[in-house]
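Participant: coords below, sequence missing:
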RNA sequence: GUGGGUGUAGCUCAGUGGUAGAGCACUGGAUUGUGGCUCCGGGAGUCGCGGGUUCAAUUCCCGUCACUCACCCCA
């Protein structure tokens, strides 16, 4: 087959979709309970939006974006994440003028041109939230507590919650100096990337996985000891609130995200169960207090997170497969297939999910099919039944069968289904 | 971008230097209009693609592409 889905992108077929629905509705239900409302943004944005928000020196911007020129005019990019678009929309529509605090959520595909691996796709799905207008730290704790609740409601037990603070601009400046003072003597020992990072964004050296760089980074001064009094108070407030809520977490001073826009609170949830492979970051987020202003909006604090749906799916337990229809209508004689389509329409009008088996074939094979798709009820229509104005209702689960007047069939089926649910 | 693994039926895989098999799935039947179990039958594969060695390659060699895992990065 020569035409196939492009590398790193995949089809989600019906057999898989119920798990997706389960995840998405759990997410919606959870965040709506906290007052978040859904927003939808374009998948294509001006390239400059991501360069300015995510940061020029990040891996995402440097080598992972799907960027193209639109008919020789503008440079456009397939969104690699959702926060930049959220902020752009927030600013564009002057949303701050309408409400003091804005809480949005989104679900959709993101695009990054990385080498595919287990749990990592080039088109992948993220669900995320953003809160604009609340400086925290209480809302920070609430958001973290919310995701912990969500994860657990999905049946994912083996997780670890990491939090850190990288402070605001003042802290960052102070720390940057201290870090550079520490790194400079080691400059020659660092990898080429890190030497470049030292000039562009020294914080990212801490994130390097090259063994020698990691050794050097391990002895670097911690940002947590360089927090300004205000940043310190903010981080303390977050931890106190988490403790009050009973939310489990661990402070990890080396937690640094790959996006430059973060300030102060940073958090990440790692899946610790097997089966996730090396891509065990289930969700990540943090505060980005400068971004709204830097994209031309008013000075507005903000916090958000995004979770990777494919990874959550891998960590979730399998559910049972629910039948996709309630009734299968079977025509005992091929001549009754037209009648079966009419009967199907009648039943659907009462709210039932109905499939008429219109292929013909033997009664046996049609019943076999009904059984295969795990349907509860088979309705059999034959010449005898038509003469008598009745249908046969077969309960495939309890192996019972009743002859009922056609007019009463829908009512009987509804009763049967309601009985099962109890 | 770097390394490893794997490409044979729709799926999961076996197999052999002489042009292929199983299980599952699909489908038909086991006396006339009744499912799951069992039994019998059926369709389906240019053995990823290209080249080389050979009388002969799905099998050996090389290349290539695809998929996959790890590094990396992150969600």
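Facilitator: Received it, and whenever you're ready, just let me know what you need. Remember, predicted model here, so these are calculated numbers, not experimental data.
Participant: helices or strands up against the biggest helix by length in chain A?
Facilitator: As assigned by DSSP state H, the longest helix anywhere in chain A is helix A:14-32. Under the contact criterion of 3 or more C-beta pairs under 8 Å, 6 or more residues apart in numbering; DSSP states H and E, helix A:14-32 touches strand A:102-111, strand A:123-132, helix A:138-153, helix A:309-315. To be clear about C-beta, it is placed using only N, CA and C from the backbone, and glycine gets the same treatment.
Participant: after that helix, next one along is what?
Facilitator: Next in sequence after helix A:14-32, counting helices and strands by DSSP states H and E, comes strand A:37-38.
Participant: who does that following strand touch, helix- and strand-wise?
Facilitator: Judged by 3+ C-beta pairs under 8 Å, 6+ apart, the packing partners of strand A:37-38 are strand A:102-111.
Participant: how big is the angle separating the strand it packs on from helix A:138-153?
Facilitator: 50 degrees (axes from the mean of the first three to the mean of the last three C-alpha atoms, to 10 degrees).
Participant: so what does strand A:102-111 touch, helix or strand wise?
Facilitator: The helices and strands touching strand A:102-111, judged by 3+ C-beta pairs under 8 Å, 6+ apart, are helix A:14-32, strand A:37-38, helix A:83-92, strand A:123-132.
Participant: one step back: check which residues of the longest helix of chain A are buried.
Facilitator: For helix A:14-32, a neighbour-count test (16 or more other C-beta atoms under 10 Å) marks A:19, A:23, A:26, A:27, A:30, A:31 as buried.
Participant: Of those, which is the nearest to residue A:243?
Facilitator: Set against residue A:243, the nearest of the buried residues of helix A:14-32 by C-beta to C-beta is residue A:30 (21.9 Å).
Participant: Report the contact partners of that closest one.
Facilitator: Neighbour list for residue A:30: A:146, A:149, A:150, A:153 [criterion: C-beta atoms under 8 Å, 6 or more residues apart in numbering].
Participant: Let me know the closest of those residues to residue A:406.
Facilitator: residue A:153 (44.0 Å).
Participant: before we move on, back to that, pull the distance from the longest helix of chain A to the chain's centre.
Facilitator: Using C-alpha atoms, centre = their mean, to the nearest Å, the mean C-alpha position of helix A:14-32 is found 9 Å from that of the whole chain.
Participant: quick one: average pLDDT of that helix?
Facilitator: Over the span of helix A:14-32, the pLDDT mean works out to 92.
Participant: Then stretch A:264-273?
Facilitator: On average, stretch A:264-273 scores 90.
Participant: Can you give me the buried ones in that stretch?
Facilitator: A:264, A:265, A:266, A:267, A:268, A:269, A:270, A:271.
Participant: got it, and stretch A:314-326?
Facilitator: By neighbour count on 16+ other C-beta under 10 Å, the buried set for stretch A:314-326 is A:314, A:315, A:316, A:325, A:326.
Participant: With stretch A:35-54 instead?
Facilitator: Here stretch A:35-54 shows A:36, A:39, A:41, A:44, A:45, A:47, A:49, A:50, A:51, A:52, A:53, A:54 as buried, counting by 16+ other C-beta under 10 Å.
Participant: For it, which outside residues touch it?
Facilitator: Residues contacting stretch A:35-54 (C-beta under 8 Å, 6+ apart): A:28, A:60-61, A:65, A:67, A:74-89, A:103-109, A:111, A:129, A:259-261, A:291, A:294-295.
Participant: how does it look with 7 Å?
Facilitator: A:60-61, A:65, A:67, A:74-80, A:84-89, A:103-106, A:109, A:129, A:259-261, A:291, A:294-295 (C-beta atoms under 7 Å, 6 or more residues apart in numbering).
Participant: Just confirm yes or no for it near RNA strand B.
Facilitator: No. Contact of stretch A:35-54 with RNA strand B (C-beta under 7 Å from any atom of the strand) is absent, the minimum separation being 8.9 Å.
Participant: Spatially, what comes nearest to residue A:182 if we skip its sequence neighbours?
Facilitator: By the measure of C-beta to C-beta, 6 or more residues apart in numbering, the closest residue to residue A:182 outside its immediate chain neighbours is residue A:220, 5.3 Å from it.
Participant: Isn't that neighbour up against residue A:178?
Facilitator: No. Using C-beta atoms under 7 Å, residue A:220 is not in contact with residue A:178, being 8.7 Å away.
Participant: just to revisit the earlier point, of the contacts of stretch A:35-54, which count as buried by neighbour count?
Facilitator: By neighbour count, with 16+ other C-beta under 10 Å, these hold A:60-61, A:65, A:76-80, A:84-89, A:103-106, A:129, A:259-261, A:291, A:295 as buried.
Participant: sorry, back to before: pull up the gap between the residue nearest to residue A:182 and residue A:336, please.
Facilitator: 79 Å (C-beta to C-beta, to the nearest Å).
Participant: now swap in residue A:169 and tell me
Facilitator: 77 Å.
Participant: what does residue A:298 give?
Facilitator: Per C-beta to C-beta, residue A:298 is found 69 Å from residue A:336.
Participant: Then residue A:40?
Facilitator: Residue A:40 is 46 Å from residue A:336, by C-beta to C-beta.
Participant: Next: residue A:128.
Facilitator: In terms of C-beta to C-beta, residue A:128 sits 53 Å off from residue A:336.
Participant: do residue A:139 as well
Facilitator: 63 Å.
Participant: quick one: buried residues of stretch A:186-197?
Facilitator: A:186, A:190, A:194, A:197.
Participant: so residue A:6 sits in a strand?
Facilitator: No. Residue A:6 is assigned coil when assessed by DSSP: H, G, I helix; E, B strand; the rest coil, not a strand.
Participant: Quick check: closest non-adjacent residue to it.
Facilitator: Using C-beta to C-beta, 6+ apart, the closest residue to residue A:6 is residue A:122 (7.5 Å).
Participant: my read: the one you found touches residue A:8, true?
Facilitator: Yes. Applying C-beta under 7 Å as the test, residue A:122 and residue A:8 come out as touching, 2.9 Å apart.
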